[in-house]
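Peer 1: Here's a sequence, model it:
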Amino acid sequence: MSKSNKKRNNKKMDSLSGRKVGNIFSSPRIKLNWIKEETEFYRADIEFFGIDISGPSYEGRVFLNNPKADEKTELNLDNGYAGSYYIFGHGGCYGDAGHCDIKPRRTFDSRTEHDLTPAYKSMIATEPIKKILKTTKEIVISVVPISARSARMSNAKDMVYIDKIRISCYENYSKLNK
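Peer 2: Next up is the predicted model:
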């Protein structure tokens, strides 16, 4: 999956905390190849690759199979809430031309990565995924971005950019051999 932001709303004020809400990210449908009779997993993770951190800091509230989720949606399993991840954003680029360009490093370069290197986040989502698999084998992941109180939002409606999403399930191999 790549570059699949779907814009559903403009900037809004989160009435609970005065923080601003950006456009909601929705993934395409993700088909899970899971056969209950063959495998029983004890843990499931949602992994986000290539998260853009050049914009404002935000909380990404992750909902599964709830296309209507927004900043007012209660954070519970019945609403498909799987958890949140947090991004400490760069807040934009204010330097000279090329200042924020990510330049490749040599293989054995021991310096830390560039400040704008896309982030990776992983969250445990075993219960929400098991609940969904009782009724369907397709998952749509929605991320509702809630900015930090101090974040400037002048032109940061698209806070969430995710290059790739993976769902990883872990089997208990000791049970498979019996």
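
Peer 1: Check which residues of the longest helix along the chain are buried.
Peer 2: Criterion DSSP state H: the longest helix present in the chain is helix 126-133. Neighbour counts over helix 126-133 (16 or more other CB atoms under 10 Å) mark Pro128, Ile129, Lys131, Ile132, Leu133 as buried. For every residue, glycine as well, the C-beta is placed using N, CA and C.

Peer 1: next structured bit after that helix?
Peer 2: Once helix 126-133 ends, the next helix or strand along the chain (criterion: DSSP states H and E) is strand 138-139.

Peer 1: Counting by contacts, list what that next one packs against.
Peer 2: With contacts defined as 3 or more CB pairs under 8 Å, 6 or more residues apart in numbering; DSSP states H and E, the packing partners of strand 138-139 are strand 30-31.

Peer 1: by contact count, what packs against the following helix or strand past the strand it packs on?
Peer 2: Using DSSP H and E, the helix or strand that follows strand 30-31 towards the C-terminus is strand 41-51. Under the contact definition 3+ CB pairs under 8 Å, 6+ apart, strand 41-51 sits against strand 81-87, strand 119-124, helix 126-133, strand 164-171.

Peer 1: And for Glu71, the neighbour number?
Peer 2: The number of residues packed near Glu71 is 20, by other CB atoms under 10 Å.

Peer 1: My guess is it contacts Ile146. True?
Peer 2: Yes. Shown here, Glu71 and Ile146 form a contact pair, counting by CB atoms under 8 Å, at 6.0 Å.

Peer 1: Tell me where the model's unsure across the protein.
Peer 2: Scanning the chain for pLDDT under 70 picks out 1-18, 37-39, 92, 99, 149-157, 173-178.

Peer 1: still on that earlier bit, between the buried residues of helix 126-133, which is nearest Pro67?
Peer 2: Distance ranking of these against Pro67, using CB to CB, places Ile132 first at 13.5 Å.

Peer 1: Test my guess that the closest one contacts Ile139.
Peer 2: Yes. Using CB under 8 Å, Ile132 is in contact with Ile139, at 5.9 Å.

Peer 1: Tell me the residues that contact both of those two, please.
Peer 2: Shared contacts of Ile132 and Ile139, defined by CB atoms under 8 Å, 6 or more residues apart in numbering, are found at Leu64, Asn65.

Peer 1: Now do the contacts for Tyr42.
Peer 2: Taking CB under 8 Å, 6+ apart as the criterion, Tyr42 is in contact with Thr126, Tyr170, Glu171, Asn172.

Peer 1: Tabulate the helices and strands packed on strand 41-51 in TSV, adding columns for distance to Pro28.
Peer 2: Shown next, in TSV, are those (distance: least, CB to CB, whole Å):
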stretch	distance to Pro28
strand 81-87	17
strand 119-124	19
helix 126-133	16
strand 164-171	9
